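A.B. asks: Test case, fold it:
(chains A, B, C and D)
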Number of protein chains: 4
Amino acid sequence: MVVPEIAKLGHIALVTPDLEKSLWFFCNVIGLEETEERDGTHYLRAWGDFEHHTLSLTAGDRARVDHIGWRTKRPEDVEAFAALLEKAGTAVQWIEAGVEAGQGRAIRFQLPSKHPFEIYYDVEKPKAPEGLKSALKNQTYKSWRKGVSPRRIDHVNLATNMDPGGIHAWLAENLGFKMREYIKIPNGPVVSGWMSVTPLVHDVAVMGDTTNSGPNRLHHLAYWLDNAQDLLRAADILSEEAIKFVGPGKHGISQAMYIYVKDPGSGHRVELFTNGYLIFEPDWEPIEWTPEEMELGLTFWGENAVAGNEDTTEA
Amino acid sequence: MVVPEIAKLGHIALVTPDLEKSLWFFCNVIGLEETEERDGTHYLRAWGDFEHHTLSLTAGDRARVDHIGWRTKRPEDVEAFAALLEKAGTAVQWIEAGVEAGQGRAIRFQLPSKHPFEIYYDVEKPKAPEGLKSALKNQTYKSWRKGVSPRRIDHVNLATNMDPGGIHAWLAENLGFKMREYIKIPNGPVVSGWMSVTPLVHDVAVMGDTTNSGPNRLHHLAYWLDNAQDLLRAADILSEEAIKFVGPGKHGISQAMYIYVKDPGSGHRVELFTNGYLIFEPDWEPIEWTPEEMELGLTFWGENAVAGNEDTTEA
Amino acid sequence: MVVPEIAKLGHIALVTPDLEKSLWFFCNVIGLEETEERDGTHYLRAWGDFEHHTLSLTAGDRARVDHIGWRTKRPEDVEAFAALLEKAGTAVQWIEAGVEAGQGRAIRFQLPSKHPFEIYYDVEKPKAPEGLKSALKNQTYKSWRKGVSPRRIDHVNLATNMDPGGIHAWLAENLGFKMREYIKIPNGPVVSGWMSVTPLVHDVAVMGDTTNSGPNRLHHLAYWLDNAQDLLRAADILSEEAIKFVGPGKHGISQAMYIYVKDPGSGHRVELFTNGYLIFEPDWEPIEWTPEEMELGLTFWGENAVAGNEDTTEA
Amino acid sequence: MVVPEIAKLGHIALVTPDLEKSLWFFCNVIGLEETEERDGTHYLRAWGDFEHHTLSLTAGDRARVDHIGWRTKRPEDVEAFAALLEKAGTAVQWIEAGVEAGQGRAIRFQLPSKHPFEIYYDVEKPKAPEGLKSALKNQTYKSWRKGVSPRRIDHVNLATNMDPGGIHAWLAENLGFKMREYIKIPNGPVVSGWMSVTPLVHDVAVMGDTTNSGPNRLHHLAYWLDNAQDLLRAADILSEEAIKFVGPGKHGISQAMYIYVKDPGSGHRVELFTNGYLIFEPDWEPIEWTPEEMELGLTFWGENAVAGNEDTTEA
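C.D. replies: Predicted structure coming up:
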């Protein structure tokens, strides 16, 4: 049997207790486009995203992540992942095609930390409607239509009050994520790890956070902007709307710039993310940061990246 | 008699206890050019400055500001200012031409807060030496030669433990500075004021700071960069040299972006400054900020601008 | 009698044969805000402009500039200018308060080249309506609401098929504009001059252009953006709307970056303008560029700034 | 046998008739760092490159590309590529470890167009010397030390007077490159193709150019900058050194911004490259551009990207 592979982060399905405010935040302030609304779920994406959606919003009684969707490299990888996961003792639930708009048959399962993941291959890539369509054949929507206007989804960052090292190992063994950078107590455990299947430094990070009340928390999801200055423009836009945020600053780990802002409708945290480096080396040695180096690793400069870390939402 | 007028901020003469380190900081890290060294004083300017110098560094036993130099609009304004100041009870000292390199006859005097000011008109505007000269006829040096590479001097910010309102009034009455923005306790005193003779929001600010041990402190001097992103590049450069700084952030007052960094040789604080607005209106109503609005006024977003305010140097 | 002085460029009143398209261009693509519409004239300004309007659009049978408005330093300057101009043989027409929305009594007259100027002092500075108002007390509208989103009006550039040197002299003698930079044929005439009353390198330029069919042409009006990258964002926005433009590039003269784009409703050319230098020196020696140096002066780098120069509109 | 895979572009080995001037250009103007000089060859890399070198310069009687080096995913891929290439009729030459500084055993061969390729796996990743080393553990050198200061090598673009479609097919069949975007005559041949093995839109492009005098020309090699504004800073730096270039502009194809500049020592063209998009989709449909759309594809805006195309160097 072929070894199945994850190709990329696909989307994050969020539940919000204030759908109207969350839609205002994601569509008007962040500037995502809505592909469609079906059965109360709003399917959104950035102007440079190709898939049907990279974020969905559904009303619920409390903020939580319904699932985090990953696309495979080949159609047959979904079944192969299902078989391998079940063999390894992970319960797998099949989701029929069309249950999630624009998406084919998929599986859902939980990490040992109970973070809910989804794996799929078939997905629609609808064109933008006339009038919103880019003049460029390789770009979905016109850029800069509204709000912050990020290009595409980038990564997801999970927090847990469990030992994160076990989750990193699980992600490596079961889903093929490679460790890229990590923070480790000398002679002690890894406390945070940044992992990817792509040349991005991380498609997913898992951070140990003992202040979390549960094992399955969302630290943030991230959208990518092309330029550092786009982040400064985002800071203006957020400030004009009186939405507080953390940043701008630059991480040492990933070398990327950040702003962290919470959806006022749900409390889910979004990172606006730019710059950073890519890993093309096939023999990449994961970068180890000690707790002494961690401050530099998390905040190379700018407003402290860990401000407001305590209140993550449930994933 | 003609009413004399200040045209612009000219330069700041700094004394440093570690000349070598201060020269490294201002010439290699900030990237100023040295016009000449004479009698132990190093005369520096930015690539877009036209005058002989906008900063001078002299060794001394402790960090202090020797004087802050202002250029007049007309040659005869120097004598006129001398007469008016003496008439108003301010002691005036004449400095002969050439005592300060590149500069003609000047006067020196103290504000009521003992901040030392200088007024001059005649000044050399030496061309850059071949090899360093810009390809542009309206620009002194090539830009981007080294370090942060600001374009020009911008403003000076003074701190005092006296009532700053009296200093603002003195600057308006004696030197013609106009109030542009200020922070005021309701039914109470003005605690900070930003003043200018040019369309810049401030050529000089005077801030009340009861944590200061004296009436005459330098809060910072500022150099201008053309673009917000140049400030982010500066943050990289400073961080690579392990020099701590405050920022980047954006002031509400002046709408400008900032980084505050101290010369490691002297502790004198430098603001790297960009963006913001210009005031061309002849009937500008000074903007009043209340203490409640002050936080927004000082830090619209980014790392808190007042961090590290306590330890200003003597002016 | 006091010598009257111009404080600043106020506004440009444009006539357009396609008002609807011009409004779409200036309000949706460039992103100006509309203060009010009165008697068929739409009064517009940028988010950082303080006066009632910096641009007005009125329908007419052909594109032309109705007038270019300049604000004086003092209320009494308007009468003083009227007297001086009439004494010098220039016909002056008085415009009563309120004829132009938001504006007090004003005079109108023509340059020797027939370019129509207006001088006023009294002007309203209306606040932005709630919802559009900036969170900052010193800023009129929220920034980044729509389109290119420039901060403020910057300058106006006039073309003439007359000898421009005479116009420069007239502007200096009658209105106090100082020459800042100019292009001159060796042992021959000045062909273009950049002049200002403010520290901007130019509030007005007059360029000789023998391809013009008349003496009174508008080369362009300019709006200011804060950052070079805002110009690149503008390039994306214009390209997505399939509006052709010249640039981006950088002038040697003024050291500013540019994009030139024509209002598709009228053909009036707009410059999107950023960076550059300020002149605070009271004894500024105008920079002379020879025809050999002119190429560098007009286009330091980027797409040639003189592309599409031929078809200027009437002023 | 495992199917061998290319992981990434490694380096380009250039021969220059004026080594001193080429070194000045690449090290002082572009700002590459020199890892070492051995046997007359200078091995260079950017501050964010990890491998021993991404460019080498060797003196020769005329400008030419000695080889273009590609790194494999696994050590055994080098032998596997050798076997497959020979089986397919391509002559393969083995290069012993150490012949090229910092590199293990490699193979060299020619495309049907005679462009010289190299494939290797073993390569040293030397740390930067103290003093030049970044404060960040995941970055080789301090950034912004000198010149344009790009982050890393990006791609290579080949020109040929042969039918490029045959070369595209050869690269796909023999080396696994996937077509990402291409220009095609309707009912006619593909004239240019952008191909990659990574999520970059292209690691290599092959463009048909009938103005070329030979089948094996180098159109350009590209270095990556993090921000669009870094490209504008590069334009200033190049202009100050009186080095002509094409751009800045933005491609439609790849959505990336460019400046094209020729090494004055050799004539080899370098692209300074930023922004653009990444392809994570496993089922990417190559984007087809017709000749009518080609203008937009090559130059979405800015100075025409095809200016100066005629005189490519030999590869």
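A.B. asks: C-alpha only now, for contacts and for neighbours.
C.D. replies: OK.
A.B. asks: in the stretch 1-150 of chain A, which ranges drop under the pLDDT threshold?
C.D. replies: Counting by pLDDT under 70, the stretch 1-150 of chain A has low-confidence residues at A:1.
A.B. asks: How about it: which residue is closest to chain B?
C.D. replies: Relative to chain B, the nearest point of the stretch 1-150 of chain A is residue A:148 (15.5 Å; C-alpha to the nearest C-alpha).
A.B. asks: try chain A
C.D. replies: For chain A, C-alpha to the nearest C-alpha, closest residue to chain B: residue A:303, 4.6 Å.
A.B. asks: who touches that residue in this structure?
C.D. replies: By C-alpha atoms under 8 Å, 6 or more residues apart in numbering or on different chains, residue A:303 lies in contact with A:246-249, B:247-248, B:302-304.
A.B. asks: Tell me, what's the model's pLDDT at it?
C.D. replies: In this prediction, residue A:303 carries a pLDDT score of 93.
A.B. asks: for residue A:237, phi and psi?
C.D. replies: When read as degrees, to the nearest 10, the backbone of residue A:237 gives phi -60, psi -50.
A.B. asks: returning to what we had before: ramachandran coordinates for the residue of chain A closest to chain B?
C.D. replies: Here is the backbone geometry of residue A:303 (degrees, to the nearest 10): phi -60, psi 130.
A.B. asks: Likewise for residue A:172?
C.D. replies: Backbone geometry at residue A:172, expressed as degrees, to the nearest 10, gives phi -70, psi -50.
A.B. asks: What count of nearby residues applies to it?
C.D. replies: By other C-alpha atoms under 10 Å in any protein chain shown, the residues close to residue A:172 number 16.
A.B. asks: Excluding chain neighbours, what is closest to it?
C.D. replies: Nearest non-adjacent residue to residue A:172, counting by C-alpha to C-alpha, 6 or more residues apart in numbering or on different chains: residue A:178, 6.0 Å away.
A.B. asks: Then residue A:262?
C.D. replies: Closest residue to residue A:262 apart from its sequence neighbours, by C-alpha to C-alpha, 6+ apart: residue A:269 at 4.1 Å.
A.B. asks: okay but the one you found is in contact with residue A:244, surely?
C.D. replies: No - look at residue A:269 against residue A:244 with C-alpha atoms under 8 Å: they stay out of range, at 11.5 Å.
A.B. asks: Find residues that contact each of those two.
C.D. replies: residue A:261.
A.B. asks: These two: which is more packed in?
C.D. replies: More neighbours surround residue A:269 than the other of residue A:269 and residue A:244, with 22 against 14 (other C-alpha under 10 Å).
A.B. asks: tell me the contacts of that one?
C.D. replies: Residue A:269 makes contacts with A:218-221, A:260-263, A:312-313, as judged by C-alpha under 8 Å, 6+ apart.
A.B. asks: Reformat those residues into JSON lines and put pLDDT next to each item.
C.D. replies: Converted to JSON lines, the contacts of residue A:269 look like this (pLDDT from 0 to 100):
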{"residue": "A:218", "pLDDT": "96"}
{"residue": "A:219", "pLDDT": "95"}
{"residue": "A:220", "pLDDT": "97"}
{"residue": "A:221", "pLDDT": "98"}
{"residue": "A:260", "pLDDT": "97"}
{"residue": "A:261", "pLDDT": "98"}
{"residue": "A:262", "pLDDT": "97"}
{"residue": "A:263", "pLDDT": "98"}
{"residue": "A:312", "pLDDT": "81"}
{"residue": "A:313", "pLDDT": "87"}
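A.B. asks: Can you lay out the residues you listed as TSV showing secondary structure and neighbour count?
C.D. replies: Below are the contacts of residue A:269 laid out as TSV (DSSP: H, G, I helix; E, B strand; the rest coil; neighbours: other C-alpha atoms under 10 Å in any protein chain shown):
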residue	secondary structure	neighbour count
A:218	strand	24
A:219	strand	26
A:220	strand	22
A:221	strand	23
A:260	strand	23
A:261	strand	21
A:262	strand	20
A:263	coil	20
A:312	coil	25
A:313	strand	23
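A.B. asks: Around chain C, pick out the residues from the stretch 1-150 of chain A.
C.D. replies: Proximity of the stretch 1-150 of chain A to chain C, by C-alpha under 8 Å from any C-alpha of the partner chain, involves residues A:134-135, A:142-147.
A.B. asks: switch to 7 Å and redo it
C.D. replies: For the stretch 1-150 of chain A, the contact set with chain C under C-alpha under 7 Å from any C-alpha of the partner chain comprises A:134-135, A:142, A:144.
A.B. asks: Can you pull the residues of the stretch 51-200 of chain A lying near chain D?
C.D. replies: A:73, A:136, A:138.
A.B. asks: Relative to residue D:294, how far out is the last one?
C.D. replies: In other words, residue A:138. 13 Å (C-alpha to C-alpha, to the nearest Å).
A.B. asks: got it, and residue A:20?
C.D. replies: 43 Å.
A.B. asks: what about those two, which has more around it?
C.D. replies: For residue A:20 versus residue D:294, the count of surrounding residues by other C-alpha under 10 Å is larger for residue D:294: 17 against 12.
A.B. asks: now the helix or strand harbouring the more buried one: how far from the chain's centre is it?
C.D. replies: Using DSSP states H and E, residue D:294 sits in helix D:291-298. Computed by C-alpha atoms, centre = their mean, to the nearest Å, the chain-centroid distance of helix D:291-298 equals 23 Å.
A.B. asks: Let me see the mean pLDDT of it.
C.D. replies: For helix D:291-298, mean pLDDT is 92.
A.B. asks: That helix - contacts with which helices or strands?
C.D. replies: Contacts defined by 3 or more C-alpha pairs under 7 Å, 6 or more residues apart in numbering or on different chains; DSSP states H and E place helix D:291-298 against strand D:178-184.
A.B. asks: now for the strand it packs on, which elements pack on it?
C.D. replies: strand D:190-196, strand D:287-289, helix D:291-298.
A.B. asks: and the most centrally placed residue in chain A, what element?
C.D. replies: Centrality entry for chain A: nearest residue to the mean C-alpha point is residue A:156, 2.4 Å, by C-alpha atoms, centre = their mean. Here residue A:156 sits within strand A:152-160, counting by DSSP H and E.
A.B. asks: Ok, residue A:22 next?
C.D. replies: Using DSSP H and E, residue A:22 maps to helix A:19-23.
A.B. asks: Tell me which residues are up against that helix.
C.D. replies: Identification of contacts with helix A:19-23 by C-alpha atoms under 7 Å, 6 or more residues apart in numbering or on different chains yields A:58-59, A:263-266.
A.B. asks: Buried subset of the residues you listed as a ChimeraX selection?
C.D. replies: What follows is the ChimeraX syntax selecting those of the contacts of helix A:19-23 that are buried according to 16 or more other C-alpha atoms under 10 Å in any protein chain shown:
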select /A:58,59,263,264,265,266
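A.B. asks: Go through the contacts of helix A:19-23 and flag which are in strands.
C.D. replies: Under the assignment DSSP state E, these contribute A:58-59 to strands.
A.B. asks: dump the residue contacts of residue A:50.
C.D. replies: Residues near residue A:50 by C-alpha under 7 Å, 6+ apart: A:125, A:140.
A.B. asks: if you set the cut-off to 6 Å instead, what comes out?
C.D. replies: Applying C-alpha atoms under 6 Å, 6 or more residues apart in numbering or on different chains, we find residue A:50 in contact with residue A:125.
A.B. asks: Now do it against residue A:192, distance only.
C.D. replies: 30 Å.
A.B. asks: cool, and residue A:125?
C.D. replies: Distance, residue A:125 to residue A:192, by C-alpha to C-alpha: 34 Å.
A.B. asks: So if I had to pick from those two, which one is more boxed in?
C.D. replies: More neighbours surround residue A:192 than the other of residue A:125 and residue A:192, with 23 against 14 (other C-alpha under 10 Å).
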